[in-house]
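> Need coordinates for the below:
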Amino acid sequence: MPLTSETLQPSQKAPFFDEVSLILSEDSSSRQSFSSSTSDSLRPGFTQASFLNNYFHSPGAPEEGIDHTIKSPATVSDSGYSAEASSHLHHTVDGVANQMRSCFETSAQNDEVFLPCDKLRELINIEAVRDILYDTFSRSRSPSDIERMSSQVLGNGLRRKIFAILVIINRVQLVDDFIEGGIEDGDLPLEVTRTKRGNVLSQDLCKRSMRPPDDEFLEPIKSLSQWSFTDMETFRNQQKTFCVPTFEVPGEGRPFFDLKNRPILPFLEIDQQLSGGYGTVRKVKIHESHYIRGTEGKVRKSLTIRHVRLMVFIQIQKGKGETYFAVKELNSTMLEAYEEEMKLFDKLSGHQNYPKHLIELRFSYFYAGRYFLAFPWADGNLQEFWAKVPRFSPCVKSDAVWLLTQVIGLVRALQKIHYVISISSKTDELSDVSNNKKDSQVWGRHGDLKPENILWLQTHDNMQNFLVISDFGLTRFNSAKSKSTVPPDGISGYSGTYRPPEIDLKSYISPRYDIWSLGCVFLEFVSWFLLGHAETHDSFTTLRLEDEKNERLPEDKFFVITGATNTPLHKRKASLKPAVFKWIEKLHQDENCTEPLHVFLDLIESRMLQPMPKERFKCEEIALELEALRSKCEANEAYATRSKVDTRNLSRFPTLYGSSKNRYE
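I've put the predicted structure just below:
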């Protein structure tokens, strides 16, 4: 008969099976399996301590994310505890309760204490559970019954929190009621309900249950019905210290946590509150044991011991060390606002080719009537990066390649927003909607590209100074039929300086709306690269405003509208501001301007800052030009770094109408 943990007698499985369950992930998907052609018992004197220490410290044993500390628990047989029971410190209710209290952390969210889940696992271990149960039930239960009860508490971590609460309130004898009623940690938190019939008040501890079609209700727990009011209230009040959410983020999908019960949040620090039109962002430090990001897979190792083959599957967690997050609280309490914000992440969720230069949503949650989104904490935005970091040198090859790599990444990320829904189920590739004739395809638009919405990460994927597009509050999606026919009345919240002319001219909107905005950002980027932050921020801004000094309300934007004021808007024209022309020429004339920068400036002026949307390149075209430019820089250092004074050469990128004029018609 196959040998399994179920067929072993208590005295046989005590030496190591329970300890293995503590090492394994408590996820129900993690299991150990055993097979053998014989039911031979384990060799005498073989303990789980020696077995696991030999296993985990053998060559090739997994190291990451594993606690190698192995304690020697007591072994139990039908005749009672063995001599090994005296080899470890005896655990008492008061002792373990005090240990837990000493490990409490204070939540920065609501100034209440909680026990981190790593400390819960560490303190409510097999030794502690056995000792406390033995002290509590030794006069009424046999050792084998107590052993069985231990497995019902800790097996797969089913009742670890419940047991901890009972220890804290010194009511361990009530654990039987949870086992009898089949109540597990997953049923927490329990609620107290009161019913008054005449002068009689009854009280119940209830769990949340569901009934068709989707109705949640509080179901009284019969096995706890005989509890005193005091025990019910005390248990209910103490739960929050242990029922603290753990944000488990799988490798795929975008997890949402419904925290409508308002638990204590495992936030150790909350700092740097920033407010905007679409929400408030806070820097939050989450306790490291309450954030688990994905798995790189499960490490499998098998051993044969006296014909018993043991296969252990251990989840290796990645993302360790990521504890700071940007938590965005949406201003609106409406579900619709949350769903609008989530559209892009929904469409990209779970795909291997998620663009690296788009900010990655870690998780979202609902708490206290509001929706929250959690992102990796950035070191600043692009504007702050320009101000804080000394400008790079155009004459250094690695700096030139870095600049091109970042702008290529931003363009490719924007391309995924523009054509995000066209996904091939076979290749998992995102394709260009323009190559797909189905009317069901959808195109997107970011709608608010500006330096403040491009985040700067000092280190990301082993790269320094990494840029990502963020803030998708204005991102909108439309069908392919309406690709060029979205009315301007449907546009709101755009950034004034970087808005395209079609907004002012009340023209129809397309994905090339974003190309203009990105062209403005790229022009400032090249300016910073050549001249530094101060001159770019002060001189260029002042120059743009001078073009409107005769206007009643001067605006810092990159275009002007020409034509009589009484002319209908759709008949008026837009052109690039003369100040922008002058500034671009100034950059061409700079003594440090290299050939790649001349080409980049021509691309920006010719095919991005075109007032006529149809003259603007698509993301794919811009990316291909920049990738070719980067390849030349990587292959030829002299080409990448040699500076030369030049002038604009718009013939490099001729427009559809064969003209280099920037106009709107």
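
> What ranges in the stretch 151-300 of the chain fall below the confidence cut-off?
Residue ranges of the stretch 151-300 of the chain with pLDDT under 70: 251-253, 276-278, 295-300.

> If we use 80, what do you get?
Residue ranges of the stretch 151-300 of the chain with pLDDT under 80: 157, 250-254, 272-279, 294-300.

> Can you list the residue ranges for strands in it?
For the stretch 151-300 of the chain, the strands defined by DSSP state E, counting those that start in this stretch cover 191-197, 200-211, 215-220, 247-249, 256-259, 267-276, 279-286, 291-305.

> what does the stretch 501-650 of the chain give?
Along the stretch 501-650 of the chain, the segments classed as strands by DSSP E, counting those that start in this stretch run 559-562, 573-576.

> and if you look at the stretch 301-450 of the chain?
308-318, 324-330, 363-367, 370-376, 380-381, 442-445.

> mean pLDDT lowest for which of the ones you listed?
Per-stretch mean pLDDT for the strands of the stretch 301-450 of the chain is lowest at strand 308-318 (a mean of 35).

> Mark out where each domain of the protein begins and ends.
71-195+226-241, 250-287+323-376, 380-652 (automatic domain parsing).

> what about the second one, how long is it end to end?
Distance across domain 250-287+323-376, first residue to last, is 15 Å (CA to CA, to the nearest Å).

> Tell me the gap between that domain and the middle of its chain.
Offset of domain 250-287+323-376 from its chain centre (CA atoms, centre = their mean, to the nearest Å): 7 Å.

> helix or strand right after the helix or strand where Thr459 lies?
Assigned by DSSP states H and E, Thr459 belongs to strand 454-460. Going down the chain from strand 454-460, the next helix or strand is strand 463-469, by DSSP H and E.

> And the helices in the stretch 551-665 of the chain?
Secondary structure of the stretch 551-665 of the chain (DSSP state H, counting those that start in this stretch): helices at 578-588, 595-607, 619-635, 637-641.

> Residues in contact with the last one: which ones?
Same thing as helix 637-641. 394-397, 400-401, 594-596, 632-634 (CB atoms under 8 Å, 6 or more residues apart in numbering). C-betas here are computed from N, CA, C, even on glycine.

> Quick check: PyMOL command selecting the buried ones in those residues.
Buried members of those, defined by 16 or more other CB atoms under 10 Å, are picked up in PyMOL with:
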select buried, resi 394+397+400+401+594+595+596+633+634
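
> how much space is there between Asn453 and Asn462?
25 Å (CB to CB, to the nearest Å).

> what about the two, which has more around it?
Asn453 (25 against 6; other CB atoms under 10 Å).

> That one and Gly447 touch, don't they?
No. Asn453 lies out of contact with Gly447 (CB atoms under 8 Å); the separation is 9.8 Å.

> quick one, which of the strands of the stretch 151-300 of the chain is nearest to Thr323?
Across these, Thr323 has its closest neighbour in strand 279-286 (5.3 Å, CB to CB).

> what angle sits between the closest one and strand 267-276?
Using axes from the mean of the first three to the mean of the last three CA atoms, to 10 degrees, the inter-axis angle of strand 279-286 relative to strand 267-276 is 160 degrees.

> List the buried residues of strand 279-286.
Using 16+ other CB under 10 Å as the test for burial, strand 279-286 gives 279, 281-286.

> list the helices and strands it packs on?
Judged by 3 or more CB pairs under 8 Å, 6 or more residues apart in numbering; DSSP states H and E, strand 279-286 is in contact with strand 267-276, strand 324-330.

> could those strands go into CSV alongside mean neighbour count?
Below are these laid out as CSV (neighbours: other CB atoms under 10 Å):
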stretch, mean neighbour count
strand 267-276, 13
strand 324-330, 20
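
> buried sites along the helix ranked longest in the chain?
The helix spanning the most residues in the chain, taking DSSP state H as the definition, is helix 397-418. By 16+ other CB under 10 Å, the buried positions in helix 397-418 come out as 397, 399-418.

> if you average pLDDT over it, what comes out?
For helix 397-418, mean pLDDT is 94.

> How far away from the center of its chain is it?
22 Å.

> other SSEs contacting that helix?
Applying 3+ CB pairs under 8 Å, 6+ apart, one finds that helix 397-418 makes contact with strand 442-445, strand 463-469, helix 512-531, helix 595-607, helix 619-635, helix 637-641.

> which helices and strands does the fourth one pack with?
It refers to helix 595-607. Secondary elements touching helix 595-607 (3+ CB pairs under 8 Å, 6+ apart): helix 397-418, helix 512-531, helix 578-588, helix 619-635, helix 637-641.

> Between those, which one is closest to Ala326.
helix 397-418 (17.6 Å).

> The closest one vs strand 454-460, what angle?
Using the same axes, to 10 degrees, helix 397-418 lies at 130 degrees relative to strand 454-460.

> where along the stretch 101-250 of the chain do the helices fall?
Using DSSP H, counting those that start in this stretch, the helices of the stretch 101-250 of the chain run over 117-123, 126-137, 143-154, 160-168, 175-181, 229-238.

> buried residues in the fifth one?
Pointing back at helix 175-181 there. Across helix 175-181, burial judged by 16+ other CB under 10 Å covers 175, 177-179, 181.

> need the contact list for the nearest residue to Cys103 once chain neighbours are set aside.
Leaving aside its chain neighbours, Cys103 sits nearest to Lys119 (4.1 Å; criterion: CB to CB, 6 or more residues apart in numbering). Counting by CB under 8 Å, 6+ apart, Lys119 touches 100, 103, 289.

> Could you check how many residues crowd around the spatially closest residue to Tyr338 that is not a sequence neighbour?
Once flanking residues are discounted, Tyr338 sits nearest to Tyr371: 4.0 Å by CB to CB, 6+ apart. The number of residues packed near Tyr371 is 23, by other CB under 10 Å.

> which residues does Tyr371 contact?
Applying CB under 8 Å, 6+ apart to Tyr371 gives the contacts 329-330, 333, 335, 337-338, 341, 364-365.

> Just the buried residues of those.
Buried positions within the contacts of Tyr371, assessed by neighbour count (16+ other CB under 10 Å), are 329-330, 337-338, 341, 364-365.

> mind putting the residues you listed in a markdown table, distance to Phe256 included?
Written out in a markdown table, the entries for these read as follows (distance: CB to CB, whole Å):
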| residue | distance to Phe256 |
| --- | --- |
| Glu329 | 15 |
| Leu330 | 13 |
| Ala337 | 15 |
| Tyr338 | 9 |
| Glu341 | 12 |
| Ser364 | 5 |
| Tyr365 | 7 |
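
> out of those residues, who's nearest Ser575?
Ranked by distance to Ser575 (CB to CB), the buried ones among the contacts of Tyr371 are led by Glu341 at 35.5 Å.

> My guess is the closest one contacts Glu329. True?
No. Counting by CB under 8 Å, Glu341 stays clear of Glu329, with 11.3 Å between them.

> As CSV, the buried residues of strand 279-286 with distance to Phe617 would be great.
Converted to CSV, those look like this (distance: CB to CB, whole Å):
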residue, distance to Phe617
Gly279, 32
Val281, 33
Arg282, 38
Lys283, 37
Val284, 39
Lys285, 42
Ile286, 42
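
> Out of those, the closest to Arg211 would be?
Checking the buried residues of strand 279-286 against Arg211 with CB to CB, the nearest one is Ile286 at 34.6 Å.

> And the residue nearest the centre of the chain, how far from Leu523?
Relative to the mean C-alpha position of the chain, the nearest C-alpha, by CA atoms, centre = their mean, is the one of Arg362, at 0.9 Å. For Arg362, the distance to Leu523 (CB to CB) stands at 33 Å.

> Low-confidence ranges, the stretch 401-550 of the chain, go.
Using pLDDT under 80, the flagged stretches of the stretch 401-550 of the chain are 419-446, 461, 471-495, 506, 508-509, 549-550.

> follow-up on the earlier one: which of the helices and strands packed on helix 397-418 is buried the deepest?
Of all these, helix 512-531 has the most neighbours on average by mean count of other CB atoms under 10 Å, namely a mean of 24.

> related to what we said a few turns ago, can you tell which of the domains of the chain is closest to Pro220?
Among the domains of the chain, the nearest to Pro220 by CB to CB is domain 71-195+226-241 (7.2 Å).
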